[in-house]
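Trainee: Let's see this in three dimensions:
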Amino acid sequence: WRKRLYEQAKPMQIQLLQEYGAKFRCSSLQGPLAAGGEPSPAAADSGTADRVMGDEPAASAADEAAAEPTLGASCSSSSRSPGDRSPTDSAQEPPRCVCGSRLACTSVRERVMSFIAEETPVPLSNSLLERLMLRPPIMCDLCSQQVSPAGNVWTCENGRRTVLHSVAYDVCEACFAYHAHGIEIPELSSSELGDSMELDEDSDRDELDPEDFDSEDEAQ
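Mentor: As a prediction, this is how the structure comes out:
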């Protein structure tokens with residue numbers, strides 16, 4: 001039933017990301033005006049002269065950068081608390097999860113540490129911890145692929161405190177970039193994934209039993 005529930009939630013989550021991306025692009029383009037900025041008289045006169053002469057003023061690098069959505073800007077601005085946001089991004093709400101809570105961008109390492117704190121009643125050995133960092137036991141709920149150990153992941157702040165997802169809800173960078181910004185990220189190579197382990201989609205996601213690794217740790 002859990003897998004079926006996640007599949008039913010997927011189209012709605014994709015739609016929420018698309019709506020977020022549209023608002024993000026709009027706020028990025030309108031940011032300077034929303035902050036009360038106006039072109040200086042000299043700049044206005046220059047623009048008028050260019051139009052009279054038939055020459056369109058070239059877009060500045062800053063303008064082009066503002067019009068181009070970037071993953072870093074999206075992640076950093078959306079993850080800040082309301083009190084930390086500047087006037088230019090105050091209208092930009094964070095992306096939403098299907099449960100109604102917010103998706104927060106965090107490093108995969110931090111996500112794994114959070115996962116370990118929730119799933120393991122006893123401290124893990126350094127060797128097992130390193131293995132989990134190289135092969136994160138975190139799967140994207142949109143593409144069902146294991147997240148890259150070196151990247152970021154968008155995860156619901158509600159964790160498992162909701163009926164809509166009884167375990168955490170995660171969206172990988174590639175899915176977020178594609179559905180929110182229309183940017184395709186090439187698939188990561190196996191070396192980047194650190195010889196990624198195969199995860200069974202029919203098994204419970206986000207489950208870890210430290211006893212599975214006891215024999216190996218004792219051998220070391």
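Trainee: So what's the residue count around Ile129?
Mentor: For the record, residue 129 is Leu, not Ile. Using other C-beta atoms under 10 Å, Leu129 has 15 neighbouring residues. Every residue, glycine included, has its C-beta placed from N, CA and C.
Trainee: tell me the secondary structure for it?
Mentor: helix (DSSP: H, G, I helix; E, B strand; the rest coil).
Trainee: From Ala180, how far out is the closest residue to it other than its chain neighbours?
Mentor: Closest residue in space to Leu129, ignoring its immediate chain neighbours: Ile116 at 7.5 Å, by C-beta to C-beta, 6 or more residues apart in numbering. Ile116 sits 28 Å away from Ala180, going by C-beta to C-beta, to the nearest Å.
Trainee: Can I take it that Trp154 is in a strand?
Mentor: Yes - remark: Trp154 belongs to a strand, assigned using three-state DSSP.
Trainee: give the contact list for it.
Mentor: Residues in contact with Trp154 (C-beta atoms under 8 Å, 6 or more residues apart in numbering) are Pro95, Leu103, Ala104, Cys105, Thr106, Asp170, Val171, Cys172, Glu173, Phe176.
Trainee: Number of residues surrounding the second one?
Mentor: Here the number of neighbours of Leu103 (other C-beta under 10 Å) works out to 26.
Trainee: Same question for the fourth one.
Mentor: Using other C-beta under 10 Å, the number of residues around Cys105 comes to 21.
Trainee: hang on, it packs against Asn152?
Mentor: Yes - between Cys105 and Asn152 a contact is recorded at 5.4 Å, counting by C-beta atoms under 8 Å.
Trainee: The residue nearest to Leu129: how many residues sit nearby?
Mentor: For Ile116, the count of nearby residues is 18 (other C-beta under 10 Å).
Trainee: what helices or strands is the helix or strand where it lies leaning on?
Mentor: Per DSSP states H and E, Ile116 falls inside helix 108-119. Packing partners of helix 108-119 (3 or more C-beta pairs under 8 Å, 6 or more residues apart in numbering; DSSP states H and E): helix 126-134, strand 152-156.
Trainee: Understood, closing this out.
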